[in-house]
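> sharing a sequence plus its predicted fold:
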Amino acid sequence: MENFIVSARKYRPASFDTVVGQLSITSTLRNAILNRQLAQAYLFCGPRGVGKTTCARIFAKTINCMNPGPQAEPCNECESCRAFNTGRSLNIHELDAASNNSVDDIRSLVDQVRILPQIGKYSVYIIDEVHMLSTSAFNAFLKTLEEPPAHAVFILATTEKHKILPTILSRCQIYDFNRMKAGDTVSHLKYIAEKEGIKAESEALDVIAQKADGAMRDALSIFDQVVSFCGPELTYAKVIENLNVLDYEYYFRLTDLFREGKVGESFLLFNEILEKGFDAGHLLAGLGKHFRDVLVARDSATLQLLEVSAGIRERYVQQAADTPVDFLYEALRVTDQCEGQYKVRMDKKLCIEITLIKLCQILELKKKI
C-alpha cells in the first residue's frame, strides 16, 4: 500500500514563488539575495502555520545554491540543492528550542558554528520556537549572535516575539509574517483539490479557511480530514457536518426572527441547534460575529473585510439592506453583555434565552421611544 503523505508536507513550498500570502517578505528576502546584502541574523515571527520555518528553509537552500536563477530561485540541480531536497544537507541545522532550551544545548550549537560548510558558502542555523530558550541560554547565545563567523547565518522563528530579550531583538532583522487571508487559503486549497482530483464547492473550502483561522498548515490538516470523511467530492453540507460547524443559515434565520420580534420561533430554533449537539457558548460568539459581518456588508467600502465566499457574501449584502443599523449596534451590545455574563451564570441556557428575548425586543422598544 502506498504511504500517505499529508498535504502540509506534500505541497510544502519549495521556492519563494510558491509561498502563499507573504509576498512582501519573500520579495525582501529575494532582493537581499540578489543584492548580496545578507544579514547575519533574522527573526521570523508571526502566528502558527503561516510559513516561517518554510521560508527559513527556502532562504537557506537558495543562498547555498551554486547556480541560482535570475530571480534568486534555487536551481534544484547542483549538489547543494540535491542534498537539501533529499534531506541530507550538512549546511542547514535545525534546533527545536521548545525541547532544547538549556545552556548546554546552546553551547553545543555555538561549538558547531565554528565548523566551515562542506558544500556552499553558508551554514544556516534555524532555531524554531526561540522564545522557549531560558534567559541563561539567551545570554550564552548573545556573543555568537553579535559576532558570528562569516559563513554562519542564524534564522530564529517564534510565535511570541514579546518573550524574546531586547538584546536579541536588536541583533536581528525582524520579519513579521501575516496570518493567512481566507481568500488566499481558499485559492491554495482549490489548487490542491485540482491536483488531487477532488471536486470541492467554494463554500466548503470557505468553511475550512474560516476554521483554520489564518493558519495554512491547519487548513491543510483540516482539508485532509474532510477528504477522508467526504471522499473525492467536498460539499458544504458534508464539511460542516464533519467539522461540527454551525451552518450560516441558522444565523441568517435567527437575525430575521429577531428583526420580526418572534420570541417563540427563536426559542424553537435555538433548541434545534442544541439538539444537534452545538454548544450554546459557540452560538453566542457566532451571533456576535454574524452581526458584525452584517454591519460590514452595509457599506461597499467595508465589504472587502468580509472573508466569505461570493454566494454567502450576497446573503450578507441582502440581509444588511433589510436590517437597520441601529438594530445591529444594539444587537452587538446585547450579545457582548451576554458573553460577559455567560461564563459565571449557573443556568447557561436561560442566559442565552434571555438574550434572545432582548434581541427580539430591540426594534419593538425603539418604536415606543
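Cool, the structure landed.
> can you pull out the strands in this protein?
For the chain, the strands defined by DSSP state E occupy 41-45, 92-96, 123-128, 152-158, 173-176, 199-200, 233-234.
> tabulate these (TSV), appending mean pLDDT and distance to residue 306.
(C-beta placed from N, C-alpha, C; glycine too.) TSV is the format used below for those (pLDDT from 0 to 100; distance: least, C-beta to C-beta, whole Å):
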stretch	mean pLDDT	distance to residue 306
strand 41-45	91	28
strand 92-96	85	38
strand 123-128	88	34
strand 152-158	90	31
strand 173-176	91	24
strand 199-200	88	21
strand 233-234	86	22
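> who wins for proximity to residue 303 among the ones you listed?
Relative to residue 303, the nearest member of the strands of the chain by C-beta to C-beta is strand 199-200, separated by 24.4 Å.
> and the closest one, what other elements does it pack with?
helix 182-195, strand 233-234 (3 or more C-beta pairs under 8 Å, 6 or more residues apart in numbering; DSSP states H and E).
> hang on, the earlier thing: dump the strands of the chain to a markdown table, plus mean neighbour count.
As requested, these are exported to a markdown table (neighbours: other C-beta atoms under 10 Å):
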| stretch | mean neighbour count |
| --- | --- |
| strand 41-45 | 23 |
| strand 92-96 | 18 |
| strand 123-128 | 23 |
| strand 152-158 | 24 |
| strand 173-176 | 15 |
| strand 199-200 | 19 |
| strand 233-234 | 18 |
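> nearest to residue 76 among the ones you listed would be which one?
Nearest to residue 76, of all the strands of the chain, is strand 92-96, at 15.2 Å by C-beta to C-beta.
> what angle separates the closest one from strand 123-128?
20 degrees (axes from the mean of the first three to the mean of the last three C-alpha atoms, to 10 degrees).
> which other residues reach strand 92-96?
Strand 92-96 is contacted by residues 57, 60-61, 64, 84, 105, 109, 112, 123-129 when judged by C-beta atoms under 8 Å, 6 or more residues apart in numbering.
> tell me the domain ranges of this protein?
When the chain is parsed with automatic domain parsing, its domains come out as 7-176, 182-243, 248-368.
> now do the end-to-end distance for the second one.
Across its full length, domain 182-243 reaches 17 Å end to end, with C-alpha to C-alpha, to the nearest Å as the criterion.
> residues contacting the residue lying closest to residue 12 once chain neighbours are set aside?
Spatially, and ignoring its direct neighbours in sequence, residue 12 is nearest to residue 54 (6.0 Å; C-beta to C-beta, 6 or more residues apart in numbering). Taking C-beta under 8 Å, 6+ apart, we find residue 54 in contact with 12-13, 19.
> pipe those residues into a markdown table and attach distance to residue 166 and pLDDT per row.
Converted to a markdown table, those look like this (distance: C-beta to C-beta, whole Å; pLDDT from 0 to 100):
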| residue | distance to residue 166 | pLDDT |
| --- | --- | --- |
| 12 | 33 | 86 |
| 13 | 32 | 84 |
| 19 | 29 | 86 |
